[in-house]
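Chemist: Pasting a predicted model and its sequence here:
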Amino acid sequence: MKEKVLAVTFNIEPLYHDRLLKLGDEKVVITDKEGKKTTLDKDKKKYPYKLDIDVICNVVTTVRTFSFTIPADYVWNGADIPSILWFFVGSKDNPEFKVPSMVHDFILEYKEYIYKNLLREQITVAEYRRLTSLIFRDLLKTYGTKTVKSNIMSGAVQAFQATFNCKEWKI
């Protein structure tokens, strides 16, 4: 039996904001998530959303329960939807995609920690990759995306991760 997500909940509703560009951001040099020097304006364009408070995310599946904290000040890029599909799906600015993409981006960015410490390597990497897509799908539905669209979006994410992003999945 394949693992199914029963619920994804938070200890508090995630509060976030759009990182607006300000005059002078192009002069502020920072170190980005990858450890590279960049300017604040480029970082805000790459990661346009920022979490305002610590949020505990609780995941309940048919097999396990686990939780992790997404820290305040976490920044993410939103849903990666090709612009050619915006008419059919919506863009990353669509409010119903922001929290699901935040959680999905976080569990991908910290996959090694979550996989090794929270899941204790009790599932394969391929099963973990599938689980991240199921969590994304559940949150899309929670935040107002219709079932068919959320299934298509999570399926597309799963296929992309397995096909084009497989090198990133070496844990």
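Modeler: On my side now, so go ahead.

Chemist: now the strands for the chain?
Modeler: 5-10, 16-18, 29-31, 37-39, 49-51, 55-61, 65-70, 75-76 (DSSP state E).

Chemist: Setting aside sequence neighbours, what's the nearest residue to residue 134?
Modeler: In space, and not counting its chain neighbours, residue 134 is closest to residue 5: 4.4 Å by Cβ to Cβ, 6 or more residues apart in numbering. Glycine gets a C-beta too; all of them are placed from N, C-alpha and C.

Chemist: Over to residue 38?
Modeler: Sequence neighbours aside, residue 32 is the residue nearest to residue 38 in space, at 4.8 Å (criterion: Cβ to Cβ, 6+ apart).

Chemist: Could I get the contacting residues of that neighbour?
Modeler: Residues in contact with residue 32 (Cβ atoms under 8 Å, 6 or more residues apart in numbering) are 38, 43, 46.

Chemist: Could you list the low-pLDDT ranges of this structure?
Modeler: Within the chain, the stretches with pLDDT under 70 are 165-169, 171.

Chemist: Now do the helices in this protein.
Modeler: 40-46, 95-109, 111-113, 125-142, 147-163 (DSSP state H).

Chemist: Quick check: buried residues in the fourth one?
Modeler: I take that to be helix 125-142. Across helix 125-142, burial judged by 16 or more other Cβ atoms under 10 Å covers 128-142.

Chemist: next one: the third one
Modeler: Of the residues in helix 111-113, those buried under the neighbour-count criterion (16+ other Cβ under 10 Å) are residue 111.

Chemist: same question, the second one
Modeler: For helix 95-109, the neighbour count (16+ other Cβ under 10 Å) marks 96-108 as buried.

Chemist: any idea of the angle that helix forms with strand 65-70?
Modeler: Using axes from the mean of the first three to the mean of the last three Cα atoms, to 10 degrees, the direction of helix 95-109 lies 100 degrees away from that of strand 65-70.

Chemist: closest one to residue 155 among the strands of the chain?
Modeler: Shortest distance between residue 155 and the strands of the chain, using Cβ to Cβ, is found for strand 5-10: 14.3 Å.

Chemist: Paired strands for the closest one, with orientation please.
Modeler: strand 55-61 (antiparallel) (DSSP bridges).

Chemist: Can I get the partner strand in PDB, CA atoms only?
Modeler: Presented in PDB, the C-alpha positions along strand 55-61 are these (Å, rounded to 0.1, in the frame of the first residue of the first chain):
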ATOM      1  CA  VAL A  55       5.500  28.000  11.700                       C
ATOM      2  CA  ILE A  56       5.300  24.300  12.700                       C
ATOM      3  CA  CYS A  57       4.100  22.100   9.900                       C
ATOM      4  CA  ASN A  58       2.500  18.800  11.000                       C
ATOM      5  CA  VAL A  59       2.200  16.000   8.500                       C
ATOM      6  CA  VAL A  60       0.000  13.000   9.100                       C
ATOM      7  CA  THR A  61       0.000  10.100   6.600                       C
END
